[in-house]
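Asks: model the structure of this input:
(chains A and B)
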Amino acid sequence: MLSLKAQKLIDNYLSLPFPGVEGARCPYFNNAKLHARGQLRVLIGKGTPQEIVEEAKIISIQYRAGLFDHDGHCCLHGEHGEKPSIASPESGAAVTEAGADELRKFLIDHNLGVDCSGFATHILRAHFLETKGVDITKKFIKNISAPWWRKIIMRLRPMESLGVRSGYANDKNTEKLKNDYAKLQPGDVVVMLETGPAFVPTGLRRGEARKRNHILIITDCDGQKIKYVHARAWSSEGQYGHGVNSGEIKITNPGQGLLEQEWTERSPSQNDLFHQGQANETYLEAKQAKVLEIRRIKF
Amino acid sequence: MDFDGIFSIALLQRSLIYLMAATVGAFLWAPLLIKLLYKFKITRQAEYDFTLKDGERSSKVGTPIMGGLLVVLTVTIITLLFNWERANTYVPMGVMGISALLGAADDLLNIFGRKRRQRNIKHTLQLIKVHKIWYMKLWHILTLPWIAFGQLAATLGSHPGRGIQVHEKLLLQFLAGAVTAWWIYFKLGPQWHSLWLPFDGQPFLGWFIIPLVIFLVMFTANAVNIADGLDGLAGGSLIATFLGLTIISWALGRTSFTLLNATVAGALITYTYFNIKPARFQMGDVGSLGLGALLAINAMAINRTILIPVLGFIFYIEIISVVLQIFFRRILGRRLFKMSPLHHHFEFVGWNEEKIVMRFWVIHAFFVIVALWLALY
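Replies: Residues are numbered from 1 along each chain as shown, chains lettered A, B, ... in the order given. Down below sits the predicted model:
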């Protein structure tokens, strides 16, 4: 298992800590399309759950969305002029699942969410700070080659500077593991480089296909099953279904590569369990990746 | 410093008369100003207000702005008629006028102007590359630094709207600061080439005083402008500041400035009366930029430059909160405050407007007293 703090952080991403609201899963957001520069880290997919909640409150007040009352409690309005349902810890009332969905929609419409490397960095930073007393962000950026001015920016904004390729697929930071699944530890990562569809989907420029990188964090492994969490966006989940999610890889062929194992992942938005095949897009991404590796952070 | 024999009761009496005259005079024409502002629809628009809070601040939409004209015009008329001295009040009034005009243009353009678009560096570089007419190419090359400056200002948080844009405003404020610096360096005498410090310090700065003066005029004008975000905040704080300046000028025996500061304080009393929540009008840039510049120049003219941040304590805190927020946001990627300027942070925290304004008044008044104490050493 990951450390308690890392586990708590994952729980917070799976259910953002909005007062009185349960089940508002953190959406996926990647800055690649917006290309925002010099922006708040929470607005470029690198925020913590707490930062996402705070930013949502600020945006709600600024743009008069009215999602929160003066004390910061969630205050969701019914669709047809019904009375707003107010969630407060004192009253013990919790906003319903529909309310959590409404909140998620608000977050997605305002570009609030987390990308895969931002999510992984926050979790692993918390984990290794607690277990080894090492801040991996500081350690990682030292090993990224960049011009001097870029190094300064990386020191100031380490969380935003770490990508899958530069941070986690970097041999100075992590080492590649063999397919000995019994020896995997929580905190190891599955890295996918140059993945994504071969065709050019809408919104992408020519040449951007198969240029995505992705990362999964291994949370548990007993030699039979690998449990992982990640931040991802499946095309089948549409505009509002994506976000942080967990899944597992059942070791059916020990000694074989990851693609030879059985991947399953539940889609919370479709409320269905997806096994290996075209529908499980995480597996599909792994299959499409030019590089698929399990890596361990070096200390 | 030995003040024995300087304190003049007659001057104090005169300054109080100016103060009362300004208060009463402003009261007499304030209803007319409100009527005119409503008539010409010079009122607050919601379009570019990014701080409107549901329920509370939305009620401010439709309130007249440019209420600062009440102070600027009252002070100008009284000074022109009764306190016009080429050696003393000429330049401060001129600088206040330039800044107020700039603010007025911004206020009016924000309401009646067309939405402005800003050309970015990438676009300009493209034009340089593709233009076939050589003089147009040259023109784009020459204006590139200005475009870059504009883009930098926009990146640092200004929302390009209808009014004067930040980089244009800074250029005009620089001119106002340059006029002040010219006056202080060349006209007021060698004593102003040194920076007065409390407890008998007097370091010689020479021409270094020029950039310092320009910076302080620009910074103070913008500081007051930024603090003018809640009903009564800027007005009430400026009363304390100008009363403090009146007392210091009186203690130093500077007749013209004692009277000028007293006049401003008097007009501000009336302004604040109408500006207290729910405001009948708001100051607008015409008042905040003009009075901010006047605050700086009046403190410099009595050789108490170093006390400007103390006399304008709350304004400086507000502008520093904005600078820090931009630094944290753009460089570190985090928020220091929930929102800047500082008064908006407290609004987000849950303080109501009256509580913020009154607490800021009290803190500001205390620091004006500190400035008074320091000025007497």
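Asks: quick check: closest non-adjacent residue to whichever residue of the stretch 151-300 of chain B sits closest to chain A.
Replies: In the stretch 151-300 of chain B, no residue comes nearer to chain A than residue B:155, which is 6.6 Å away by C-beta to the nearest C-beta. Every residue, glycine included, has its C-beta placed from N, CA and C. Nearest non-adjacent residue to residue B:155, counting by C-beta to C-beta, 6 or more residues apart in numbering or on different chains: residue A:38, 6.6 Å away.
Asks: give me the below-cutoff pLDDT ranges for the stretch 1-150 of chain A.
Replies: Residue ranges of the stretch 1-150 of chain A with pLDDT under 70: A:64-65, A:70-72, A:76-98.
Asks: redo that, cut-off 50
Replies: Residue ranges of the stretch 1-150 of chain A with pLDDT under 50: A:78-93.
Asks: where does chain B have low pLDDT?
Replies: Within chain B, the segments meeting pLDDT under 50 span B:50, B:52-53.
Asks: longest helix of it?
Replies: Secondary structure of chain B per DSSP state H: the longest helix is helix B:9-39.
Asks: report all helices and strands that that one contacts.
Replies: helix B:69-82, helix B:233-251, helix B:255-275 (3 or more C-beta pairs under 8 Å, 6 or more residues apart in numbering or on different chains; DSSP states H and E).
Asks: pull the distance from the next helix or strand along the chain from the longest one to the chain's centre.
Replies: Heading C-terminal from helix B:255-275, the first helix or strand you meet, by DSSP states H and E, is helix B:284-301. Here helix B:284-301 is found 5 Å from its chain centre; the criterion is C-alpha atoms, centre = their mean, to the nearest Å.
Asks: for helix B:284-301, which helices and strands make contact with it?
Replies: Packed against helix B:284-301 by the contact rule (3+ C-beta pairs under 8 Å, 6+ apart) you find helix B:69-82, helix B:90-112, helix B:166-182, helix B:209-227, helix B:233-251, helix B:255-275, helix B:308-311.
Asks: for those helices, give me JSON lines that also has distance to chain A.
Replies: Below are these laid out as JSON lines (distance: least, C-beta to the nearest C-beta, whole Å):
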{"stretch": "helix B:69-82", "distance to chain A": "30"}
{"stretch": "helix B:90-112", "distance to chain A": "19"}
{"stretch": "helix B:166-182", "distance to chain A": "16"}
{"stretch": "helix B:209-227", "distance to chain A": "18"}
{"stretch": "helix B:233-251", "distance to chain A": "20"}
{"stretch": "helix B:255-275", "distance to chain A": "24"}
{"stretch": "helix B:308-311", "distance to chain A": "28"}
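Asks: could those be laid out in TSV, adding mean neighbour count?
Replies: Shown next, in TSV, are these (neighbours: other C-beta atoms under 10 Å in any protein chain shown):
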stretch	mean neighbour count
helix B:69-82	21
helix B:90-112	21
helix B:166-182	19
helix B:209-227	23
helix B:233-251	26
helix B:255-275	26
helix B:308-311	24
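Asks: okay, those in CSV with distance to residue B:297 next?
Replies: Compiled in CSV, the helices and strands packed on helix B:284-301 are given as follows (distance: least, C-beta to C-beta, whole Å):
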stretch, distance to residue B:297
helix B:69-82, 13
helix B:90-112, 5
helix B:166-182, 5
helix B:209-227, 6
helix B:233-251, 11
helix B:255-275, 10
helix B:308-311, 10
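Asks: chain neighbours aside, what residue packs nearest to residue 107?
Replies: Went with chain A since none was named. residue A:27 (5.3 Å).
Asks: wait, chain B
Replies: residue B:284 (4.5 Å).
Asks: pretty sure that neighbour sits against residue B:67.
Replies: Yes - in this structure residue B:284 lies within contact range of residue B:67 using C-beta atoms under 8 Å: 6.4 Å.
Asks: ok, now which ones touch whichever residue of the stretch 101-250 of chain A sits closest to chain B?
Replies: Nearest to chain B in the stretch 101-250 of chain A, going by C-beta to the nearest C-beta, is residue A:157, at a distance of 4.9 Å. Residues near residue A:157 by C-beta atoms under 8 Å, 6 or more residues apart in numbering or on different chains: A:41, B:331-333.
Asks: give me the phi and psi for it.
Replies: For residue A:157, the backbone dihedrals (degrees, to the nearest 10) come out as phi -130, psi 70.
Asks: then residue A:188?
Replies: phi -70, psi 160.
Asks: could you list every residue that touches the closest residue to residue B:66 other than its chain neighbours?
Replies: Spatially, and ignoring its direct neighbours in sequence, residue B:66 is nearest to residue B:284 (4.2 Å; C-beta to C-beta, 6+ apart). Counting by C-beta under 8 Å, 6+ apart, residue B:284 makes contact with B:65-69, B:103-104, B:107, B:228.
Asks: which one of the residues you listed sits closest to residue B:289?
Replies: residue B:103 (3.8 Å; C-beta to C-beta).
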